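**Q** dropping the sequence and predicted coords here.
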There are 2 protein chains.
Amino acid sequence: MECADYGITRSLERDNLNLNPLQRGGVLPAAARKALYEFGDGYSVCDYCAGRLDQVTRPAVNSFLDDLADFVDADAVRTVHGAREGKFAVMHALCEAGDTIVADGNAHYTTHLAAERNNLEIVEVPSTGYPDYEIKPETYREVLEDAADRGDVKLAVLTHVDGNYGNLTDAAEVARICRKMGVPLLLNCAYSMGRLPVKLREIGADFVVGSGHKSMAASGPIGVLGMRSEWEDTLLRRSGRHEKKEIEMLGCTSRGAPLATLMASLPHVVERVSRWDDEIKKTRRLVSELEEMGGIRQIGKRPKEHDLVRFETPVFHDIASSHPRKGFFLYEELKKRRIVGIRRGQTKWFKCSVYGMTDGQVQYVIDSFREIIEKNRN
Amino acid sequence: MECADYGITRSLERDNLNLNPLQRGGVLPAAARKALYEFGDGYSVCDYCAGRLDQVTRPAVNSFLDDLADFVDADAVRTVHGAREGKFAVMHALCEAGDTIVADGNAHYTTHLAAERNNLEIVEVPSTGYPDYEIKPETYREVLEDAADRGDVKLAVLTHVDGNYGNLTDAAEVARICRKMGVPLLLNCAYSMGRLPVKLREIGADFVVGSGHKSMAASGPIGVLGMRSEWEDTLLRRSGRHEKKEIEMLGCTSRGAPLATLMASLPHVVERVSRWDDEIKKTRRLVSELEEMGGIRQIGKRPKEHDLVRFETPVFHDIASSHPRKGFFLYEELKKRRIVGIRRGQTKWFKCSVYGMTDGQVQYVIDSFREIIEKNRN
């Protein structure tokens, strides 16, 4: 048979400034690129496996997991295929079909899918709505209490930082509420772990999940699942027949290059998390300079506490209405300036991030938006 | 915090002849190494996603899945994280807790774990035992009929080629039996898809799962799940809330480099499968030459129909009993000759494969074993 040409190149997205928040935290440092080379082949991390991925010593998966547990302040961690697979595993281990969980209204769609795959009912904690979309701990408490009055709540899920507005939630306060009510809390840190400090025990959560490809400078798909020791027996329950193997992990999870990159990137990630304040400054500068241009407004909590920013951009929508290239002008003007990551044709609003960019690059992005507005404004 | 040195290098296993059957089918061709470079970063395959991984056109995941469906003769295929995750998804979609499935006695441990994670009972079809360990279709029929008499059997699982003896089962005959009884058949092709021709409809199976890292020259973790059209509604059921998203896939599965390598490798894999007969010849030559040395015996069905070979090796065990390096001598003698992949300290038996090696390399392996025996035999 003849195979089609799948177009397996990505130079546009690699060689240009990419504003897509989904892509900013997953860029590999040199050490992880080298790990890809070393561990590219098939089952490469399994050469010296004696039956448990988390105990492999060459490469030192075991030491890595110790360091990772330390990094996220958890009693135990496992790698999973991604945050969503981590959420599914927690729900699967703790809940039965028909059970109820509580989740915030800014939850990622994969929280809903993980629950749906487990046949769970979700009771939702609404955000404050437009324009801040904030999840208030007080509202979380009300909804949780109300749901608990109507029946057992098996799990509470909170999105640490959501992917629509980049709002950082008060996880410690929600954890306090959950603990008081005896409901375990799963914190979805896909947009936080690896960018900003995430400390499970300090926060008071029971579980954290993170995403290697989203925020930990790793090659996808890989995630992190951290837990308190009291949940190890439940979540890491061993098979009756294969006594070394953990059932929820299906024996082992990330058996290849993504794990090698996550390992190689950890020192880089530890270091960059310590510079989180600088990232916030960069983001706030982006927001204030773009808003000053007129016709651009940051949506979500103010001031920004995360690099993911959602902007309403009537200025670009106005331009599009009379521009010969219509809504495509923005994408095309940016691309000319070697900036990518804003969806083609979209001008009413966009999400972006300058995470990991140098100050010079951020300035270049700001100047580019200004130029595009000045050149095209009606 | 300080991170330990994780020893993220693999030159010993990459630069030497590796006899580990687990590693032979996952070696990347040059095109896949290039794909790793292009798509190494984070969520790299998701630049142009409009909500469904299987419909992404840049890179052309959609065309690739069409070609892959063609390659395995299935109506629909999805990528999953590996064969085990594919098995779990099929069981999860078709069965409920407490249901019964039938599986062969040579099943991989992950078949058991997938069932255990789904709370299913397994009724096992025994093999013929030592020394052939064959799974006979007739025995499969008897066990299936007996299980069906005692209650509903929701699924039959057959290991196409097992990982202990490398026995190729008569999947078409088992499929005929299952079809007659109205029990859907899941064929585990982790050791076959990508090595030898696997044709779902021709065989008559309902589902096939394959492993990219084990047998399809891809970077792990990635697998393939193929199905007949009549199962699409069950297995690819969409979310009520997020209408594009498939629940069993948690929206999407392999979001990164492993998928890019699987895509890049497909033309190579299609080509090599057409040369499967040559691989069998190579394997049979290895078996006959090693058995001629005396004190080495191939276990499993004869003649070999797969590259994975299990040998009983009393000759090496005898040597170990009086060798100053005891059981380590074999590993060390092989390593001196730049041959790896036989577990350190193991001399009673081993599994090996010369899949993908040149005739010259196979001869070198044979000569090396002969030399080691001649030099050390008591």
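**A** That came in fine, so what should we check first? Numbering: from 1, shown residues only, chains lettered A, B, ... in the order given.
**Q** those strands in the stretch 101-250 of chain A, which residues are they?
**A** A:121-125, A:153-159, A:185-188, A:207-211, A:223-227 (DSSP state E, counting those that start in this stretch).
**Q** out of the ones you listed, which one sits most buried?
**A** strand A:207-211 (a mean of 31; mean count of other Cβ atoms under 10 Å in any protein chain shown). Every C-beta, even on glycine, is put in place using the N, C-alpha and C of the backbone.
**Q** could you point out where chain A is predicted with low confidence?
**A** Within chain A, no stretch has pLDDT under 70.
**Q** quick one on the thing from earlier: quick one: closest of the strands of the stretch 101-250 of chain A to B:Glu271.
**A** Closest approach to B:Glu271 among the strands of the stretch 101-250 of chain A is made by strand A:223-227 (34.6 Å; Cβ to Cβ).
**Q** roughly how far is that closest one from the heart of the chain?
**A** Chain-centre distance of strand A:223-227: 12 Å, with Cα atoms, centre = their mean, to the nearest Å.
**Q** sorry, back to before: between the strands of the stretch 101-250 of chain A, which gets nearest to B:Val56?
**A** Comparing the strands of the stretch 101-250 of chain A by Cβ to Cβ, strand A:207-211 comes nearest, at 18.7 Å.
**Q** export that closest one to PDB, keeping only CA atoms.
**A** Taking C-alpha atoms only, strand A:207-211 is exported to PDB below (Å, rounded to 0.1, in the frame of the first residue of the first chain):
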ATOM      1  CA  PHE A 207      -4.100  14.800  45.000                       C
ATOM      2  CA  VAL A 208      -2.500  16.900  42.400                       C
ATOM      3  CA  VAL A 209      -2.200  16.200  38.700                       C
ATOM      4  CA  GLY A 210       0.200  18.000  36.300                       C
ATOM      5  CA  SER A 211       0.900  18.000  32.600                       C
END
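**Q** helix or strand: which one has A:Pro267?
**A** According to DSSP states H and E, A:Pro267 maps onto helix A:257-273.
**Q** right, and the helix or strand after that helix?
**A** Toward the C-terminus from helix A:257-273 - assigned by DSSP H and E - lies helix A:276-292.
**Q** against chain B, how distant is A:Glu243?
**A** Distance check for A:Glu243 against chain B: by Cβ to the nearest Cβ, to the nearest Å, it reads 11 Å.
**Q** what's the neighbour count on that residue?
**A** 8 (other Cβ atoms under 10 Å in any protein chain shown).
**Q** likewise for A:Phe39?
**A** 30.
**Q** thought it was touching A:Met263?
**A** No - if you go by Cβ atoms under 8 Å, A:Phe39 and A:Met263 don't touch, sitting 9.2 Å apart.
**Q** any common contacting residues for the two?
**A** A:59, B:8 (Cβ atoms under 8 Å, 6 or more residues apart in numbering or on different chains).
**Q** make a markdown table out of the strands of the stretch 101-250 of chain A and add distance to A:Glu291.
**A** A markdown table is the format used below for the strands of the stretch 101-250 of chain A (distance: least, Cβ to Cβ, whole Å):
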| stretch | distance to A:Glu291 |
| --- | --- |
| strand A:121-125 | 29 |
| strand A:153-159 | 25 |
| strand A:185-188 | 29 |
| strand A:207-211 | 30 |
| strand A:223-227 | 35 |
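**Q** ok and the helix holding A:Pro267 relative to helix A:276-292, angle-wise?
**A** 80 degrees (axes from the mean of the first three to the mean of the last three Cα atoms, to 10 degrees).
**Q** show me what residue of the stretch 101-250 of chain A gets nearest to chain B.
**A** Minimum separation of the stretch 101-250 of chain A from chain B (Cβ to the nearest Cβ) falls at A:Gly220, amounting to 2.7 Å.
**Q** wait, doesn't that residue sit right on B:Gly40?
**A** No - in this structure, A:Gly220 is not within contact of B:Gly40 by Cβ under 8 Å, at 9.6 Å.
**Q** what touches both of these two?
**A** What both A:Gly220 and B:Gly40 touch, as defined by Cβ under 8 Å, 6+ apart, is the set B:Ala257.
**Q** which stretches of the stretch 251-378 of chain A form strands?
**A** Using DSSP E, counting those that start in this stretch, strands in the stretch 251-378 of chain A cover A:297-299, A:309-312, A:339-340, A:349-352.
**Q** ok, which of the ones you listed comes nearest chain B?
**A** Going by Cβ to the nearest Cβ, the one of the strands of the stretch 251-378 of chain A nearest chain B is strand A:339-340, 8.3 Å.
**Q** chain B contacts on the stretch 51-200 of chain A?
**A** A:58-61, A:63-64, A:66-67, A:70-71, A:81-82, A:84-85, A:88, A:92, A:97, A:109-110, A:112-114, A:116-117 (Cβ under 8 Å from any Cβ of the partner chain).
**Q** buried ones among the residues you listed?
**A** A:58-61, A:63-64, A:67, A:71, A:81-82, A:84-85, A:88, A:92, A:109-110, A:112-114, A:116-117 (16 or more other Cβ atoms under 10 Å in any protein chain shown).
**Q** hmm, back to that, among the strands of the stretch 101-250 of chain A, which comes closest to A:Asp278?
**A** Closest among the strands of the stretch 101-250 of chain A, using Cβ to Cβ: strand A:207-211, at 21.0 Å.
**Q** direction included, what does that closest one pair up with?
**A** strand A:185-188 (parallel), strand A:223-227 (antiparallel) (DSSP bridges).
**Q** quick one: which of these is nearest A:Ala320?
**A** strand A:185-188 (34.5 Å).
**Q** which residues sit in contact with the residue of chain A positioned farthest from its centre?
**A** Distance from the C-alpha centroid of chain A peaks at A:Met1, with 39.5 Å (Cα atoms, centre = their mean). For A:Met1, the contact set (Cβ under 8 Å, 6+ apart) comprises B:67, B:70-71, B:270.
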